[in-house]
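S.K.: quick one, structure for this:
(2 chains)
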Amino acid sequence: MKELMLGNKAVARGLYEAGVCVASSYPGTPSTETTEEAAKFDEIYCEWAPNEKVAMETAYGASRAGKRSYCAMKHVGLNVAADPLFTISYTGVNAGMVILVADDPGMHSSQNEQDSRHYAIAAKMPMLEPSDSQEAKDYIKAAYEMSEQFDVPVLFKMCTRVAHSQSIVELGERVEVPVKEYVKDAAKYVMVPANAKKRHPIVEERTLKLIEFAETSDLNRLEEGSDKSIGIITSSTSYQYVKEVFGDKYPVLKIGLINPLPVKKIKDLAASVDKLVVVEELDPIIETHCKALGLEVTGKDVLPLIDEFSQGLIAKALGEPEAPSCKKIDGLPGRPPAMCAGCPHRGMFYVLSKNKITVLGDIGCYTLGATPPLSSIDTTECMGASISSLHGFNKALGAAAEKNTVAVIGDSTFMHSGMTGLANIAYNQTNSTVIILDNSITGMTGHQQNPTTGFNLRGDPAGKIDLEALVRSMGINRVRVVDPYNLAESEQAVKEELAAEEPSVIISRRPCALLKKVKRGEPIKVNPDKCKSCKACMKLGCPAISFKDGHAKVDATQCFGCKVCSELCKFGAFETMEGETITW
Amino acid sequence: MVTSIMIVGVGGQGSLLASKILGKVAMDKGYDVKVSEVHGMSQRGGSVVTYVRFGDKVNSPIIDKGGADYIISFELLEAARYVEFLKPGGQIVTNSQQIDPMPVIAGTAEYPTDLIEKMEEAGAKVDSIDALSLAEEAGSAKASNIVLMGRFSKYVEGISKEEWIKVIENTVPAKFLEMNKKAFELGVNA
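M.R.: Sure thing, here's the model as predicted:
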């Protein structure tokens, strides 16, 4: 049976067919659906872990116990999980283990454009890289075979265009894999220096065996071409672009096992063509390997180090004529993403923006608080950095900063890596003010549960961490909860906590407006006779409010009925559909 | 021979359902199919693009400048934004609905005028319909994507109305089926 399938869903299908039993991940675009889709199979236990390090260690524990396991993360998540990564390369596995990492060339939904292949080289782990959905499924199964054959967790690299593209997949059956017995083996699993010293040579020998495997495995396949003036080495989605442009014209070495790379296969291709070309997105990994082999190669001299590729980009770089097209229409206004109508984050950012407060931001939907007209957020780096960097900011500048600077962080991000930063504030004492934007869900990645929501990945009741109690137990005495729809209450809380002479946490709590359980309010309207055109409501940047014919106007199809705009109107111009003035 | 279609619009308008239907119709005809979409940040009211490509053998899942045979647009400004992706003389099927982007809401830009004329000057053929009103006539504003699919079906050769309807039957929930069939029909006859 064949199905048109998202790359990420094909990964999940591969997990099912490979007999995987345990999956633990942290959501991150473009990796999230692999775990969500896997959860639809009863045979695979799936969970959201608080962060990627925990996810990887959970999967590792399951592998060591004897069942095939899986964890998934986006590229920056692998930074968080790098600690276990490097050492479980030494211990190896019991049952097979696969670590999926999804890169985001072009940064459709990410804060940097790092190339995860460097991790495979640094951690001395094999890495597979599919180029479409069928390969995603097939390679997952191959990855588990390799993991058990070579006694190593296997990295599995996706990118946005493979993860979020659909192509046709032939379905197979699940093969149940017998549980491997857990046997105590301290020399293999207790990584104290004496044992680790003995494991490192095993890792190096393994790499040599993997290179031999790379020479013979059909994961790296040579596709013949009629024109030997050029030979192309490529992988992942770049392979598809190369085939789109050149078809079967030139010989192509399609790399599926990106680490370790073959030697003989590459040298053989080089010897059979006039010129060797490497087509790879982001960093020159294959190219550097070729150069180390003493081969002359064209790559990053003609292709960019930044952004994702396309067939047109490759055609142009390699001297093919450009496709004729319609003319571009210049001067069109952009359409950047914005906080949704009814978004609970908007009210708090309005308060922070109005009071000209320095805002150290974090990763999530609320990063959109950096965009005009609110333009509230000053900094955004990585998960949890808002809180830890606030402490450093305040240590550096003292009271001058403490009275005017906050950290903002979402509920899921706080559980991911905000707690340790807050521990530092409680321990090393700055008068820092941390605002937890608790919208009761992991929003940006598409509504995943987390330890504060009370539900698990499948939506069933689960353990629920009480944020107030947690924060208090860490030694923060000033903890208060506000409703961000209530601007006066939120503003008062922010002012008082900034003025306080000890650390404080404000929990700005209201569920995401897009959650199914959240009831949409009645849309409201503007009475044009009362509107004095002061544009105070426009400062919210609500997509449902525009300024037309000299007055504010509410788009009833978009309005969520949160009424935050009406709090800003001094003239009572916002009314219910029945014409009643809205009062607060 | 590969047919390349871009579906563009504003995040949250239902372009994923449209691409799903289009992909299934092509697959049922025995074509190789690839569909590419972007999730995450860009869905929060931003400009969104989905690529659908089908033919005997499809390699790339994306469409480049000058690569699209058709653009189906859920919003007028978004149709204009991607016109250079169209082959010269390519067809645009667009909703005439206008949704103000944030720079227009914030007052730093104007919603452009004469967009249909500008697209035609750029070399495109343009078919603009009021899909929102037609969807409301069918029973729900949310069905404007199906209205547009109906309209688009007139331009694709070799796929009968019955084949489109069959896929819609297998894709939308049963309780919305009649409404969606009506929306498709209204799009065809608009």
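
S.K.: could you report the neighbour count for B:D56?
M.R.: Counted with other CB atoms under 10 Å in any protein chain shown, residues neighbouring B:D56 total 9. Every C-beta, even on glycine, is put in place using the N, C-alpha and C of the backbone.

S.K.: give me phi/psi at the most centrally placed residue in chain B?
M.R.: With distances taken as CA atoms, centre = their mean, B:I72 lies nearest the centre of chain B, 2.9 Å away. Per-residue torsions, B:I72: phi -100, psi 120 (degrees, to the nearest 10).

S.K.: tell me the contacts of it?
M.R.: B:5-8, B:18, B:92-94, B:148-149, B:152 (CB atoms under 8 Å, 6 or more residues apart in numbering or on different chains).

S.K.: one more time with 7 Å
M.R.: Applying CB atoms under 7 Å, 6 or more residues apart in numbering or on different chains to B:I72 gives the contacts B:5, B:7, B:18, B:93, B:148, B:152.

S.K.: restricted to strands, list these.
M.R.: If you go by DSSP state E, the contacts of B:I72 have B:5, B:7, B:93 in strands.

S.K.: wait, doesn't the last one sit right on B:L148?
M.R.: Yes. With contacts counted by CB atoms under 7 Å, B:V93 reaches B:L148, the gap being 6.2 Å.

S.K.: of the two, which one has the most company?
M.R.: B:L148 (29 against 26).

S.K.: now the element after the lowest-mean-pLDDT helix or strand in chain B, going C-ward?
M.R.: None of the helices or strands of chain B scores lower by mean pLDDT, DSSP states H and E than helix B:102-105, at a mean of 88. Later in the chain than helix B:102-105, the nearest helix or strand by DSSP states H and E is helix B:115-121.

S.K.: show me what the next helix or strand after that next one is packed against.
M.R.: Counting by DSSP H and E, the next helix or strand C-terminal to helix B:115-121 is strand B:125-129. In terms of contacts (3 or more CB pairs under 7 Å, 6 or more residues apart in numbering or on different chains; DSSP states H and E), strand B:125-129 is packed against strand B:86-95, helix B:115-121.

S.K.: go with 8 Å
M.R.: With contacts taken as 3 or more CB pairs under 8 Å, 6 or more residues apart in numbering or on different chains; DSSP states H and E, strand B:125-129 sits against strand B:86-95, helix B:115-121, helix B:144-153.

S.K.: how about residue 86, what does it touch?
M.R.: Here I'm looking at chain A. Shown in contact with A:F86 (CB under 8 Å, 6+ apart): A:122-123.

S.K.: the intended chain is chain B.
M.R.: Counting by CB under 8 Å, 6+ apart, B:L86 has contacts A:325-326, B:66, B:68-71, B:92, B:123-124.

S.K.: got the residues of the stretch 101-250 of chain A near chain B?
M.R.: Taking CB under 8 Å from any CB of the partner chain as the contact definition, the stretch 101-250 of chain A meets chain B at A:108-109, A:132, A:160-161, A:164-168, A:237, A:240-241, A:243-244.

S.K.: name the nearest residue to residue 152, ignoring sequence neighbours.
M.R.: Using chain A. A:G92 (5.4 Å; CB to CB, 6 or more residues apart in numbering or on different chains).

S.K.: not quite, go with chain B.
M.R.: Nearest one to B:F152, counting by CB to CB, 6+ apart, is B:V93 at 4.8 Å.

S.K.: may I have the beta-bridge partners of that neighbour?
M.R.: Beta-bridge pairing for B:V93 (DSSP bridges): B:I72, B:D127.

S.K.: how close does it sit to chain A?
M.R.: According to CB to the nearest CB, to the nearest Å, B:V93 and chain A sit 15 Å apart.

S.K.: was I right about that residue contacting B:D127?
M.R.: Yes. Using CB atoms under 8 Å, B:V93 and B:D127 qualify as a contacting pair, with a distance of 5.0 Å.

S.K.: what sits in contact with each of these two?
M.R.: Common neighbours of B:V93 and B:D127 (CB under 8 Å, 6+ apart) are B:151, B:155.
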